[in-house]
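K.L.:
I would like the atomic coordinates for the input below:
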Amino acid sequence: MNWLRKQFQPVDNAPLILFRIIFGLLIFAESFGAILTGWVREVLIEPEFTFTLIGFDWLQPPDGYAMYVYFSLMAVSGLMVMLGFYYRIGMASFTLLWTMVYWMQKSAYNNHYYFLILLCLFMLVLPAHAYASFDSKRWNSVISTTCPRWCINIFLIQLWIVYTFAAINKFYPGWLDGEFIQMNFASKSNYWLIGSMLQEKWLQQIIVYGGILFDGLIFYFLLYRKTRIPAFIISVFFHLFNSAVFQIGIFPYLMIGLMVFFFDPEAVRKTFFKNKPIVNYASLGLPDINFGRIALSFLFVCYFAMQLYLPLRHHLYKGDVFYTEEGHRLAWRMMLRFKSGNIKYYVKSTEMDSTWTINPRDFLTSKQASSLPSKPDMIWQFARYLDKKYKKEGFGDVEVRAESYTRLNRGPLYKLVDDTFDLTSVRWQSLKHADWILISDK
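P.N.:
Residues are numbered from 1 along each chain as shown. Next comes the predicted model:
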């Protein structure tokens, strides 16, 4: 019980305040950068059909250029978070808007976008505006130099989960034999300064095994005081290298920013907030445990239990997750494989007694079409889209079947979908294996 009481013990909130400033700047950069780089146009404006979270078909991007205004509001929200200016409003608006973007498309899915939602939920409930903010200058009720210890520890637990499963997921042939890294680096030979080096076998092997060691061990080296500084330096180099080579947006900088929670709060205060009052820990005893604190602890236990379940759930399904994709998302399976392939649909009108072939590229953007052959949920969603489209055009009831062949890295093509199934007549199953998804024997 003492351990639980310690989670509610006040500690210097300097790490949380510093991370709020970093986080606000990064989500501003993510939002504004999505406009400047063309991501908003390519992913949300150009497509005539978007692959939403299943069950959220109604959540479609607005027509025209309204998405630019949408992302501009997100950028403003980021600045509000960074400055602590109406912090709760800024944090709530960004969380809502970003989550809706995440739900309204998945052709550009990656774990980093999901990770950002989790951090937003944390920041939404934490008193991260209690110091060095406009809110704390205007409202005395907001000012505080401390926060409960759990406000720091939840970030550490979440990071442990991310790093641990990132390491575990690399133990598969496509990573261990260097196939994925070799394929990835082959397209980067023209990179300034490092392009030719990336093609070297020895460097690729360092990245293959170094990646596993880093993800598996860095958390513990950062946690241990005597190894913290060298581990921090290694982490900064690792994430900056990833940023330069893989170009994965704000994620590397977010991971660098999160390392502030490993450092002693007093050291963070001395370095970044020299005028911040010193916390007198001698006057702060262990708080009592009441019903509210027990309830909050229970909520966090449930949350982190779900965070452990999601990366492990693929073991409940038949087949290999690398092929079937069942249990792939929300599982920290990051930068592990390439998948390519081809797909065509057969649409049969029962009223007209005619069948015709559909090439998805006639309806989808290049990015969407390249993702489609390897993603069963997207294959199913596009079949439903065709069903609605041809019913609306007067073809009556139709049957839609898909013939999809997919390749993992440089492996052989394998058939992903059973083309005897009419995909308009099957329900999407989130909690068990779908019979129409074939299990590869490769």
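K.L.:
what about the strands in this structure?
P.N.:
Assigned by DSSP state E, the strands in the chain fall at 10-12, 146-148, 339-349, 354-358, 398-408, 414-415.
K.L.:
among those strands, which comes closest to residue 269?
P.N.:
With C-beta to C-beta as the criterion, residue 269 lies closest to strand 10-12 of those, at 5.6 Å. No exception for glycine: its C-beta is placed from N, CA and C like everyone else's.
K.L.:
now do the buried residues in stretch 129-136.
P.N.:
129-133, 135-136 (16 or more other C-beta atoms under 10 Å).
K.L.:
if we take those, which one ends up nearest to residue 378?
P.N.:
residue 129 (39.6 Å).
K.L.:
what residues are up against that closest one?
P.N.:
Neighbour list for residue 129: 20, 84, 87-88, 135-136, 142 [criterion: C-beta atoms under 8 Å, 6 or more residues apart in numbering].
K.L.:
change it to 6 Å
P.N.:
84, 87, 135 (C-beta atoms under 6 Å, 6 or more residues apart in numbering).
K.L.:
cool, residue 74 as well?
P.N.:
Neighbour list for residue 74: 31, 94, 97 [criterion: C-beta under 6 Å, 6+ apart].
K.L.:
what about 10 Å?
P.N.:
27-28, 30-32, 34-35, 90, 93-98, 101 (C-beta atoms under 10 Å, 6 or more residues apart in numbering).
K.L.:
and the helix or strand bottoming out on mean pLDDT in the chain, what does it pack against?
P.N.:
Lowest by mean pLDDT, DSSP states H and E among the helices and strands of the chain is helix 2-7, with a mean of 86. Under the contact definition 3 or more C-beta pairs under 10 Å, 6 or more residues apart in numbering; DSSP states H and E, helix 2-7 sits against helix 150-168, helix 291-312.
K.L.:
excluding its backbone neighbours, what's nearest residue 400?
P.N.:
residue 383 (4.2 Å; C-beta to C-beta, 6 or more residues apart in numbering).
K.L.:
can you verify my assumption that the one you found contacts residue 419?
P.N.:
No: using C-beta atoms under 10 Å, residue 383 is not in contact with residue 419; the gap is 11.2 Å.
K.L.:
can you map out the helices along the stretch 201-350 of the chain?
P.N.:
Secondary structure of the stretch 201-350 of the chain (DSSP state H, counting those that start in this stretch): helices located at 201-223, 225-246, 251-258, 265-272, 291-312, 321-324.
K.L.:
now mean neighbour count, distance to residue 336 and mean pLDDT too, for these, in JSON lines please.
P.N.:
Below are these laid out as JSON lines (neighbours: other C-beta atoms under 10 Å; distance: least, C-beta to C-beta, whole Å; pLDDT from 0 to 100):
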{"stretch": "helix 201-223", "mean neighbour count": "16", "distance to residue 336": "10", "mean pLDDT": "97"}
{"stretch": "helix 225-246", "mean neighbour count": "15", "distance to residue 336": "12", "mean pLDDT": "96"}
{"stretch": "helix 251-258", "mean neighbour count": "20", "distance to residue 336": "15", "mean pLDDT": "97"}
{"stretch": "helix 265-272", "mean neighbour count": "17", "distance to residue 336": "34", "mean pLDDT": "96"}
{"stretch": "helix 291-312", "mean neighbour count": "13", "distance to residue 336": "13", "mean pLDDT": "96"}
{"stretch": "helix 321-324", "mean neighbour count": "20", "distance to residue 336": "8", "mean pLDDT": "94"}
